[in-house]
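Visitor: What follows is a predicted protein model with its sequence.
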Amino acid sequence: MNAPFQTIYLLLIFLIPCISLNAQPGSYISLKQHTEVLENSKKISNDVDIFFDNNKKIITKHYYSSTEFVMVTNALGEIKTYYPTSNEVAYKQITELSSKRNLIYYFANNLTDHLGLADEGFNLSSNTYENQFYVTLWKAPSILKGIETVKMVFENGLPIYSEYLANKKKIVKKIYYTNYKDFTQFRLPLKIIEISYMPSGDSIINRTLFSDVKVSPSADGKYFNFKIPDNAKPVDSNKSQ
C-alpha cells in the first residue's frame with residue numbers, strides 16, 4: 001500500500017464513526033459494568049451503574065458495594081462522592097481521573113486511535129501494518145517511570161489489543177478489547193481483559209463486562225441530573241469506599 005493511499009485509508013477508518021456520531025446525536029449513555037479482579041487466587045467482584053452526560057462531560061457512577069455510594073466526576077477531575085445511608089459527601093480533585101480520561105468517554109467520542117495515551121503525554125513513534133492489523137507504537141513521556149512504550153493493535157479501525165512494555169522490552173501489561181457492539185454513534189467492546197504482570201512473577205487479571213447499554217437524546221434516569229442534598233455532611237475524602 002503506497003503512502004498517500006495509506007494516509008487516506010487511515011483517515012477514513014477513524015473518520016467514519018465520527019460522521020455517524022454527528023449524524024445521529026445521543027448525548028446520554030447509560031450502562032452496567034461488572035468487574036472481576038483475580039489476584040493471589042482470590043476474586044473480587046464489583047457492580048456499577050454508569051451514566052455519562054456527553055454534553056456536560058459528567059460521569060455519574062452508582063456503586064453497589066458494602067457501602068453504597070454515588071460518585072460524580074466532571075472534566076476538571078472534580079469528584080464528589082455521596083453516601084446516601086449516612087447523607088455524607090466527600091470532595092477531591094484528581095486531574096488524571098477527569099471524565100475526559102475515562103474509557104467510556106474515548107469510545108463514545110470515537111477517540112479510539114489512542115484511548116487516552118496522547119492525553120497522558122505519549123507520543124506516536126511509528127505505525128505499520130502486520131497482515132490485516134494496523135499497529136501503532138507510542139513512546140512514554142520521560143516523567144513516566146516503569147513504562148517505555150505502548151503497542152496498540154487495530155482491526156477494522158478498532159483497538160483490539162494494547163501491550164505496555166518496560167525497559168528491555170519486558171511486558172508489564174496486556175489489554176484485550178473484545179465483543180464489540182455497534183451503537184450507531186460509536187462501537188464499544190463489551191468485554192475488556194487486563195493482565196498486569198508483577199515483579200514477583202505473579203499477575204493480576206481484571207475482567208470488565210459492559211451490558212444494558214442505552215443511548216438516548218434525553219436525560220432518562222435520575223442519575224444524569226443527580227443532585228447531592230444540600231444538607232449532606234462533608235467528610236474526609238479518604239473515607240473507605
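Guide: Great, that's in hand. Residues are numbered from 1 along each chain as shown.

Visitor: Backbone torsions only: list them for the residue nearest in space to the middle of the chain.
Guide: In the chain, the centroid-proximal residue (C-alpha atoms, centre = their mean) is Leu103; its distance is 1.4 Å. Taking degrees, to the nearest 10, you get phi -60, psi -40 for the backbone angles of Leu103.

Visitor: give me the number of residues near the nearest residue to Lys233 once chain neighbours are set aside?
Guide: Nearest non-adjacent residue to Lys233, counting by C-beta to C-beta, 6 or more residues apart in numbering: Glu88, 4.9 Å away. C-beta coordinates here come from the backbone N, C-alpha and C atoms, glycine included. For Glu88, the count of nearby residues is 17 (other C-beta atoms under 10 Å).

Visitor: Now for Glu88: which residues touch it?
Guide: Contacts for Glu88 were tallied using C-beta atoms under 8 Å, 6 or more residues apart in numbering; they are Tyr82, Ala232, Lys233, Pro234, Val235, Lys239.

Visitor: Show me where the protein has its helices.
Guide: For the chain, the helices defined by DSSP state H occupy 3-23, 103-108.

Visitor: from the contacts of Glu88, which two are the most distant?
Guide: Ala232 and Lys239 (12.6 Å; C-beta to C-beta).

Visitor: Quick check, Thr136 in contact with Phe122.
Guide: No: using C-beta atoms under 8 Å, Thr136 is not in contact with Phe122, being 10.0 Å away.

Visitor: Show me the common contact partners of those two, please.
Guide: In contact with both Thr136 and Phe122: His114, using C-beta under 8 Å, 6+ apart.

Visitor: No further queries at this time; thank you.
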